[in-house]
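*Asks:* Mind folding the following:
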Amino acid sequence: RLKQLLTKCILLLPLLLLWVFLRPIYRDRIGSFGCFDDCSVYIAAYFVNAGKELYTEVFFNHQPLIVYLSAFIQRISQSENTYALLSSHRMFIVYFSMIADGLLVLRFGLPALAFAFLFESTKGFVFGERFLPESMIVYPIVYLFGLVWLAWKKQVLRGLEVIFAGFFTWFIIFLREPYVPLAVLLYGIILWQARHSKNWLKGSLAVFGAMSLMTIAQHDIASYYFNVITLNIQTIAGQEVKTNNLLGLGLTRSFFHPIYVLVSGQWNMFRLIEMALSS
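*Replies:* Predicted structure coming up:
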């Protein structure tokens, strides 16, 4: 086991070199694009820091964790201008990614290093370096998928990993709502594989349940439900009617996009990158 750990530690060296190369690139891209979903996060976080209550006094139609992360960064950084505001958030994503990659490599070894090289070097093409929930959700999803993969290979999961799975599932769910089904599916498989370790199983469920209840309890439940669930359902339904897509084929195509991109589309660099990521 010590030999395996030393081998994984050695793999951190190419990861470090990767980030020595990528860090200045992502730093210099801060002003490359205009406003996106991250800007609505900055605004909501600004008003939260001003004492306003999310969902009741501040409209936000997504999960709350990203707003509170931004509020924390804004409070710590005390940015004097817009560029400094963007820089503090973008560099947070850079360092978050570096740490997450390192932890994944230490746990899963070479496959995680391959993931880091492929994802980190291409995520700028799909706004992966921006302060968005999707930019952070990738890593805990990869971790949960890695545990599922190990369980499928008949490897016994460590007790603390089952606890971490509960924490990461909570993190994913309350960062971005479309990933709830995937997070619950992966977590359910992990719990099933750990069903014989009842104490760790109960501990994981306790962590997930307690953190979820505390997160929801911080908000007015009716306002939270209306902002995050009701309005999004109405928006999707309205888009389906507008495009005469009453069977939900647009959502179906989105769901199978990783397969769709392999067989259809124009040949260009962006599609090649998508094909590599999808594969």
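
*Asks:* can you map out the helices along the protein?
*Replies:* 2-28, 37-49, 65-77, 82-108, 110-120, 133-152, 159-173, 180-193, 198-217, 221-225, 231-242, 249-255, 257-263, 269-278 (DSSP state H).

*Asks:* So which other helices or strands are in contact with the last one?
*Replies:* By that I understand helix 269-278. Under the contact criterion of 3 or more Cβ pairs under 8 Å, 6 or more residues apart in numbering; DSSP states H and E, helix 269-278 touches helix 110-120, helix 257-263. For the C-beta atoms, the positions are set from N, CA and C on the backbone; glycine is no exception.

*Asks:* Compare the mean pLDDT across these and name the weakest.
*Replies:* When the helices and strands packed on helix 269-278 are compared on mean pLDDT, helix 257-263 scores lowest, with a mean of 86.

*Asks:* for that helix, which positions count as buried?
*Replies:* Across helix 257-263, burial judged by 16 or more other Cβ atoms under 10 Å covers Val261.

*Asks:* Just give me how far it sits from the chain centre.
*Replies:* Centre-to-centre, helix 257-263 and its host chain are 21 Å apart (Cα atoms, centre = their mean, to the nearest Å).

*Asks:* Show the contacting residues for Val41.
*Replies:* The contact partners of Val41, by Cβ atoms under 8 Å, 6 or more residues apart in numbering, come to 66-67, 70, 131-132.

*Asks:* Which two among those residues are spaced furthest apart?
*Replies:* Val67 and Leu132 (12.1 Å; Cβ to Cβ).

*Asks:* more crowded one of these two?
*Replies:* Neighbour comparison, Val67 and Leu132: the larger count goes to Val67, with 23 against 20 (by other Cβ atoms under 10 Å).

*Asks:* roughly how far apart are that one and Phe226?
*Replies:* Counting by Cβ to Cβ, to the nearest Å, the separation of Val67 from Phe226 is 16 Å.

*Asks:* Then Leu118?
*Replies:* Counting by Cβ to Cβ, the separation of Leu118 from Phe226 is 40 Å.

*Asks:* Most tightly packed of the helices of the chain?
*Replies:* Of all these, helix 159-173 has the most neighbours on average by mean count of other Cβ atoms under 10 Å, namely a mean of 21.

*Asks:* In contact with Ala276, which residues?
*Replies:* 118, 122 are the contacts of Ala276 under Cβ under 8 Å, 6+ apart.

*Asks:* likewise Ser40?
*Replies:* With contact set as Cβ under 8 Å, 6+ apart, Ser40 has these partners: Phe60.

*Asks:* Quick one, grab the pLDDT at it.
*Replies:* Ser40 carries a pLDDT value of 92.

*Asks:* Give me the pLDDT for the closest residue to Ala165 other than its chain neighbours.
*Replies:* Of all residues not flanking Ala165 in the chain, Ile190 sits nearest, at 4.7 Å (Cβ to Cβ, 6 or more residues apart in numbering). pLDDT, Ile190: 93.

*Asks:* Would you check that Ile190 makes contact with Leu144?
*Replies:* Yes - between Ile190 and Leu144 there is a contact under Cβ atoms under 8 Å: 6.7 Å.

*Asks:* shared neighbours of those two, which are they?
*Replies:* Here Ile190 and Leu144 share the contacting residues Ala165, scored by Cβ under 8 Å, 6+ apart.

*Asks:* Where does the prediction get shaky in the protein?
*Replies:* In the predicted model of the chain, residues 1, 237-251 satisfy pLDDT under 70.

*Asks:* Name the residue closest to the centre of it, please.
*Replies:* Compute the mean C-alpha point of the chain, and by Cα atoms, centre = their mean the closest residue is Ile137, 0.9 Å away.

*Asks:* That residue touches Glu177, doesn't it?
*Replies:* No - counting by Cβ under 8 Å, Ile137 sits too far from Glu177 to count as a contact (10.9 Å).

*Asks:* distance between stretch 64-73 and the chain's centre?
*Replies:* The answer for stretch 64-73 is 14 Å, by Cα atoms, centre = their mean.
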